[in-house]
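K.L.:
here is the input, now give the coordinates:
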Amino acid sequence: MIIEKSKISKNFQNGIYFSCHQCGTCCRGLNEGEVYIYLDDINRLIKFLRKKGKHYTQKSFARKYLKITSQGMFWKDSTSSKKGRIYNLDTLGLKFTGDDDHCYFLSEDNTCMVHEARPFQCRAFPIGWNMLMNNYTNLREYSKKCPGLKGTLENKGKYYSKEEIIKWTQKEFEMEYNYFLAMKKNGFDIFKVYKFLPRDIEC
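P.N.:
This next block holds a predicted model:
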C-alpha cells in the first residue's frame, strides 16, 4: 500500500527489537499473503543464480518463479483537491510450490537458498513494512504467527533504531510509489511495464 509518507507508530519511536527464528512461516503461501517482487529484485536474483550456474533470462526467470497478482495501492494527486483512492493493480509475486505452498527458494531446513539476493519485501521485514511500523495493532496481529515478532513485543532480539526504521520504510514507500507511477503511465498494463513477461504467465 502506498502512503503519503513514512510514519512510525509512537510505540517504535525508540526503535524495536527483532530476530528471525527461521520458522519458515512467512516463506509459505497458503493464507499468509504474497511476496511482491520488483525489477531490482528480479535482476538481483538472476545475477545471484548465474553465480550458482543457473542461467536465466528475465523471461525464463519470470516463467519459472513469478506470477501476476493484485495489490491495493493508495494514490492522491498532490496537485489536485480531489481525495485519494485505492487502486487495485496487477503486480508480480513469487510463485509457491508443494503441498505446503512454500517458496521455491526455501530449503528443507527452513533456510533461504537465495538469502544474499532475497527480494526487498523479505529483507525488509519487519522494519521496512509501513503497514507494521505505522500500526502497532497490525504488528500484534502478525506476532500471533511470527515468533520473531512475538519477541519484538517482549523487547527481545536484534535492536533497530528509529533512524533505521525510517530508512527502510522510506525505501518501501519510494519503490511502491515509483511502480505505481510506471503503471499509471502505461495505462495500468503490467505487460508494458515488464516487457519481458510471457503472456501466458500464471495469474
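
K.L.:
so Ser19 sits against Lys150, correct?
P.N.:
No - contact criterion Cβ atoms under 8 Å: Ser19 and Lys150 do not qualify, at 10.9 Å. For the C-beta atoms, the positions are set from N, CA and C on the backbone; glycine is no exception.

K.L.:
between the two, who's got more neighbours?
P.N.:
Higher neighbour count among Ser19 and Lys150: Lys150, with 16 against 13, using other Cβ atoms under 10 Å.

K.L.:
element containing the more buried one, please.
P.N.:
Assigned by DSSP states H and E, Lys150 falls within helix 147-153.

K.L.:
what sits up against that helix?
P.N.:
Contact with helix 147-153 is made by 16-21, 23, 126, 139-140, 142-144, 157, as judged by Cβ atoms under 8 Å, 6 or more residues apart in numbering.

K.L.:
out of those, which is nearest to Glu32?
P.N.:
Taking Cβ to Cβ as the measure, Glu32 lies nearest Tyr142 of the contacts of helix 147-153, at 9.9 Å.

K.L.:
name the nearest residue to the closest one, sequence neighbours excluded.
P.N.:
Leaving aside its chain neighbours, Tyr142 sits nearest to Leu149 (5.3 Å; criterion: Cβ to Cβ, 6 or more residues apart in numbering).

K.L.:
how near is that neighbour to Gly33?
P.N.:
14 Å (Cβ to Cβ, to the nearest Å).

K.L.:
of these two, who's got more company?
P.N.:
Leu149 (23 against 12).

K.L.:
if anything else comes up later, I'll come back, but that's it for now.
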